[in-house]
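Asks: Got a sequence here, can you build the structure:
(chains A and B)
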Number of protein chains: 2
Amino acid sequence: MTSHRKVSRAEHPTWLPKESSRNLGDKRVHIAATGPLVETVRSEFRRAMRLFGGSFVEKIGDAEIVVIVTGDQGPVGLDDETPAAVHEALAAHASEPVSAEGYFLANRDSVSVIVAATDRGALYGVLDLLRSGEPGSGTRREEPAHAIRMLDHWDNMTVHPVMGAVERGYSGDSIFFADGEVRRDLDRVSRYARLLASVGINRVAINNVNVHSTEARLLTDKLPDVARIADVLRPWGIRLHLSVNFASPTLLGGLASADPLLPAVHEWWRQATDRVYDSIPDFGGYVVKADSEGQPGPFTYGRTHAEGAEPLAVALAPHGGIVHWRAFVYDHRQDWRDRSTDRAKAAFDHFVPLDGKFADNVVVQVKHGPMDFQVREPVSTVIGALTKTTVAVEFQVTQEYTGQQKHVCYLGPAWSEILRFRFGGSDAAPLASLATGGFVAVSNVGTDEFWTGHPLAQSNLYAFGRLSWEPLADSIEILDEWIRATFPDTDDGTRAALHAVLDSSWATYEKYTAPLGVGFMVRPGHHYGPDVDGYEYTPWGTYHFADRDGVGVDRTQTTGTGFAGQYPSPWRARYESLAECPDELVLFFHHVPYDHVLHSGSSVIQHIYDTHADGVEDVARLQGIWAGPTQGIDSATHARVTQLLVEQLRSAGEWNDQIRTYFFRKSGLADAGGRPHF
Amino acid sequence: MTSHRKVSRAEHPTWLPKESSRNLGDKRVHIAATGPLVETVRSEFRRAMRLFGGSFVEKIGDAEIVVIVTGDQGPVGLDDETPAAVHEALAAHASEPVSAEGYFLANRDSVSVIVAATDRGALYGVLDLLRSGEPGSGTRREEPAHAIRMLDHWDNMTVHPVMGAVERGYSGDSIFFADGEVRRDLDRVSRYARLLASVGINRVAINNVNVHSTEARLLTDKLPDVARIADVLRPWGIRLHLSVNFASPTLLGGLASADPLLPAVHEWWRQATDRVYDSIPDFGGYVVKADSEGQPGPFTYGRTHAEGAEPLAVALAPHGGIVHWRAFVYDHRQDWRDRSTDRAKAAFDHFVPLDGKFADNVVVQVKHGPMDFQVREPVSTVIGALTKTTVAVEFQVTQEYTGQQKHVCYLGPAWSEILRFRFGGSDAAPLASLATGGFVAVSNVGTDEFWTGHPLAQSNLYAFGRLSWEPLADSIEILDEWIRATFPDTDDGTRAALHAVLDSSWATYEKYTAPLGVGFMVRPGHHYGPDVDGYEYTPWGTYHFADRDGVGVDRTQTTGTGFAGQYPSPWRARYESLAECPDELVLFFHHVPYDHVLHSGSSVIQHIYDTHADGVEDVARLQGIWAGPTQGIDSATHARVTQLLVEQLRSAGEWNDQIRTYFFRKSGLADAGGRPHF
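Replies: As a prediction, the model looks like this:
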């Protein structure tokens, strides 16, 4: 599924085209700041000045852009010539200081001022100005909701025979690795880091959570190469993390056991970690997929996951490092005959009893839903239930189950729904505020010239960054930011066309794929395209139980697996009740007859027929929009999207035909719309 | 799916254990023969004499075993001391001489005599004596029904990322190739050639019909290595063939086109072929899979397959070489929505119009059924329809669709049914006699210590050889030969146990897999284990069309694809009629409701339930038999079979559960036997 193009030097600039430097260029700039990232700030201005002119000035009164870091200098010398915007921003900061990564962005009388407490805040402020352009008049306060905003790369060092260069990667090869080594040329990584910093990402795990033998050695003899990557990320305020193999003490250290209770295992992790920090003083920490889909873990030794994480956490703590411990633990050798076992329940069953038992620097990393990044799932019950544990919510920017960067599918609205979910009902705090460990997402970037295979999939990377900074931001407004930044020369009509293509693309994708929250129905292995029964009789725990009478998974407490009971009120009751369960999740929680009538007024079977036909029509409409006037979109981008829309339409048609035929053959109920079955 | 064990030197002796040399040893032997293979004959006796004593004698009158080749010497000097058996055998040969590869085997007064017309016949006679042991009193005449008895290896030189070292191989790696080269050590190939010669195989194609880039070069710069293999096969009367890529003139020759009508293409094949014969004077010829499953072919140039084969045939003809041109041509990008297209019809549609148009030295190689080596198919209509073309019937000894050498499945009875099929009805000639180009089979041999993964799968290799020599021989008698030869120390009870395990193992496999001739229902890709809908919505042309009311493919002329009409009478009418169609093929030819009553008296649905449960019980019974007394079976063989029976039982249970659940969910009809669905 991956192509083997080389790292391109002429890759698409994404949302940071040269034009965006105009926002910093042709200006007189005064920088009153110290700190390691100030050089990065300065280089951004230099780049802008090279392109558009401008200069650094000594006197604050002469400046049109002023950058001030308050934390590392004495009071700024203000005088009569000090622009009013500086006064305003400093006053705002004095009254309610921003946190380490935050900043104030003030604008008055054609002077823009960034005030931050640290050089990191200053960098974010400058990149904000770069990305967003001319600020409106007044003072804007920005700071991230959570301290950890992270991307996980599922990149392999050697091309995996099944999974390729990047597991679930649809954008070419790894930008970090080639031929079993860290790439010599890391220029593209540097440009990637700039992109990430511009949307607030501050951590990157560079290798696949499925840690194969070559990749395991990143922790040991490949450390000098890892350090080279860290050096490239550092100027952009990004800390490097490594995915590690739980069995490293045996795999790499030659120990007889990786039992986390053994002192020798603790000692091995301590020494290994100390060596990492010798090379990379700001190393972020470890990501661990343990006891999951064949990866080793503490269960081998009869230990809990809290015990499993302990040696790593203890080793990292003195250095300020973190363990990201994934909660994606379930039995992938489930018996499909056994309807009482429910993969959706597994993470809760494994992790909630351990609440409060993890070390302080362990972040339990929880996928946003109980299954696996499906187009529609309820939110993970684990996120609501772990109250004494630091929790990171994991998203999947790479579109494994949402079109694999061949389909347009802007995921911002999906993530927003999740982030705004309120476990305790409408008066309770949103899920976003429970992400005490911030947000993590699987990256969708590779060596592709557009970075993301599908040019429009850049919007997902952008949106994840922006939502991880400001989780309750409006996802369509974020998309508008991305459109304006990426295509600065578009007119209103083209921007409206881009919105028409992207705004509801997730809803469109949902229409023509697995219906009503039931999930999967994809081809096993690569997960692209339909195969309704593909996982139905497998050990993977992903079933729909369709028979001639009905479809869906009974997850009620009364007659089903009881998963609904993992939610607090009011959701446990709402999901339990067929009458109250939201339509879009009805087949996730209930097994219903085909003639069951939804809140929408449609029967389940007619809903399936209608939405699938609608979904195909939606894609055809997108094609039409894209073929219309698209002023300000460069020809390469336009051509790639045009080509991919052909595949999307073909694939949507295939989904429609297979799904409707499958359910017609099973139910015998004809489409009231008179559309064909096969 | 393949393991990477090295070639073992201690591999299992199969049906030629040391004990079998006892049949030639401890005897006084007189050889009156010349010819290149006489040295092989002599070496067989030497091997026996080393183990068990014995000697060559000058005088025919002193001998206990006499080998005479009549063709290459003057009259044998007979006198009073000449044993009676010699007189008898010579008289028989004089009265009705055997053909080039045949022999008479006479025995009287403790003297055994082999009389043949050529050294090849003599070798077969000696190997017959070796394999079969003490001949009964009297004279037995043996000669092959057809001149070409061939095995095709689907061996790759380099491990294919998906297909492995041997495509559809379940017995380790290739015995010919490793690491992109012909193996240096070909001792095992020599032992393989001896095995094949002992059952009459006289041709071997050494490489996969899907000819990848490395393998294409066997024809050119790898020729010296190919010649080494030919040198090893030659002493056993076996000619080497190569699978070649139709596009070789462009791939290897740098030509702009491989159009078979171009003089330059003819010239390229002529020169390439001449070079082959310079290295391998007895080279057998080319095997070609063209326009099939992505392989290149004449359709690229708008030419017919007869035209496509022509340049190769012309190039081979002066040297006595043959083109095996496979008839396995169909559209593997079929639209599953289109029920009028039928893969079963494709080979007939492509090849029958070309009848009589192929060059004389082209053999059209036709799979025994119209689909692809399923556990049950009707016979290929092509075999009956090509009356002016040399036809070889192709079997699959490697158990791609019949348990992959993890399941016991003795295929002799299946092949016998096919060979005995009479296109023209009960008075017509059997299919075997239409195989004017003999028989070809895909080998099941690899570097596995038992040669065939499953020790009992050796019986399939044995049976194919024996049936290719004597197509109407009784397959259970052949199995008995194999049992006695392979396990010479077994008692009657153990032999009965082996028969109980093997005789009906094909019938057992059929019971628990795809029912009533419908075929497939296997996991796509690797083809192991059940996936009822696995191919249902794919482009491969292999469907069952199960819906809530019924199942099966309507291939009648009246309402279906018309495939039944490709048969001559009486079969076209018999298959057309639901009332007359044999039960075992009813779903191949008809789409029937689940309550359709078979000739057996059972409904289709109940038949499915019953046979699947029975199949599992059969396997459990086999396990019991195998666990009982098995005197004379070595412990390694016993252990391997024991281990594989565990997997077979698991797999059969999985088939049973999935098939019954699938059909219960669709039909809603409960098993009258009260057995569970899931």
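
Asks: Now for A:Gly254, how many residues are close by?
Replies: Burial of A:Gly254 is recorded as 8 neighbouring residues (other C-beta atoms under 10 Å in any protein chain shown). To be clear about C-beta, it is placed using only N, CA and C from the backbone, and glycine gets the same treatment.

Asks: What strand or helix carries it?
Replies: In this structure, A:Gly254 is located outside every helix and strand according to DSSP states H and E.

Asks: go on, the one 10 residues further on?
Replies: In the assignment (DSSP H and E), A:Ala264 maps to helix A:263-279.

Asks: how far does whichever helix or strand comes after that helix sit from the chain's center?
Replies: Beyond helix A:263-279 on the C-terminal side, the first helix or strand identified by DSSP H and E is strand A:285-288. A distance of 17 Å separates the C-alpha centroid of strand A:285-288 from that of its chain, computed with C-alpha atoms, centre = their mean, to the nearest Å.

Asks: Stretch A:58-75 too?
Replies: Taking C-alpha atoms, centre = their mean, one finds stretch A:58-75 lying 35 Å from the centre of the chain it belongs to.

Asks: pull the CA atoms of stretch A:306-316 into CSV?
Replies: Presented in CSV, the C-alpha positions along stretch A:306-316 are these (Å, rounded to 0.1, in the frame of the first residue of the first chain):
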residue,chain,number,x,y,z
ALA,A,306,0.5,-0.6,36.3
GLU,A,307,3.2,-2.9,37.4
GLY,A,308,4.4,-3.3,33.8
ALA,A,309,4.8,0.5,33.3
GLU,A,310,6.6,0.9,36.6
PRO,A,311,10.2,0.2,35.6
LEU,A,312,10.0,2.5,32.6
ALA,A,313,8.3,5.3,34.6
VAL,A,314,10.9,5.0,37.4
ALA,A,315,13.7,5.2,34.9
LEU,A,316,12.3,8.2,33.1
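
Asks: what's the neighbour count on A:Gly541?
Replies: Using other C-beta under 10 Å as the criterion, A:Gly541 is surrounded by 23 other residues.

Asks: Which residue, neighbours along the chain excluded, lies closest to it?
Replies: A:Arg343 (3.2 Å; C-beta to C-beta, 6 or more residues apart in numbering or on different chains).

Asks: And A:Gln271, how far from A:Met150?
Replies: Taken as C-beta to C-beta, to the nearest Å, the spacing of A:Gln271 relative to A:Met150 amounts to 26 Å.

Asks: centroid residue for chain A?
Replies: Closest to where the C-alpha atoms of chain A average out (C-alpha atoms, centre = their mean) is A:Ala441, at 2.8 Å.

Asks: my guess is that one meets A:His153, correct?
Replies: No: the criterion here is C-beta atoms under 8 Å, and A:Ala441 misses it with A:His153 at 10.4 Å.

Asks: my hunch is that A:Ile659 is in a strand, does that hold up?
Replies: No: applying DSSP: H, G, I helix; E, B strand; the rest coil, one finds A:Ile659 to be helix, outside a strand.

Asks: Please list all residues in contact with it.
Replies: Each residue near A:Ile659 by C-beta atoms under 8 Å, 6 or more residues apart in numbering or on different chains is listed here: A:512, A:515, A:521, A:530, A:532, A:608, A:612.

Asks: Show me which parts of stretch A:514-533 are buried, residue by residue.
Replies: Using 16 or more other C-beta atoms under 10 Å in any protein chain shown as the test for burial, stretch A:514-533 gives A:514-524, A:527-533.

Asks: Of these, which fall within the contact range of chain B?
Replies: A:530-533 (C-beta under 8 Å from any C-beta of the partner chain).

Asks: Put together a markdown table for those, with pLDDT on each row.
Replies: A markdown table is the format used below for these (pLDDT from 0 to 100):
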| residue | pLDDT |
| --- | --- |
| A:Pro530 | 98 |
| A:Asp531 | 98 |
| A:Val532 | 98 |
| A:Asp533 | 98 |
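
Asks: Just the pLDDT at A:His332, thanks.
Replies: The predicted local distance difference test score for A:His332 is 89.

Asks: again with A:His599
Replies: Value for A:His599, per-residue pLDDT: 98.

Asks: Next: A:Ser8.
Replies: 48.

Asks: Neighbour count for A:Gln271 and A:Met150, which is higher?
Replies: A side-by-side neighbour count of A:Gln271 and A:Met150, using other C-beta under 10 Å, places A:Met150 first with 31 against 12.

Asks: Get me the contact residues on the stretch 51-200 of chain A for chain B.
Replies: Going by C-beta under 8 Å from any C-beta, the residues of the stretch 51-200 of chain A near chain B are A:Pro161.

Asks: and the residue of the stretch 51-200 of chain A nearest chain B?
Replies: Distance from chain B to each residue of the stretch 51-200 of chain A (C-beta to the nearest C-beta) is smallest for A:Pro161, at 5.6 Å.
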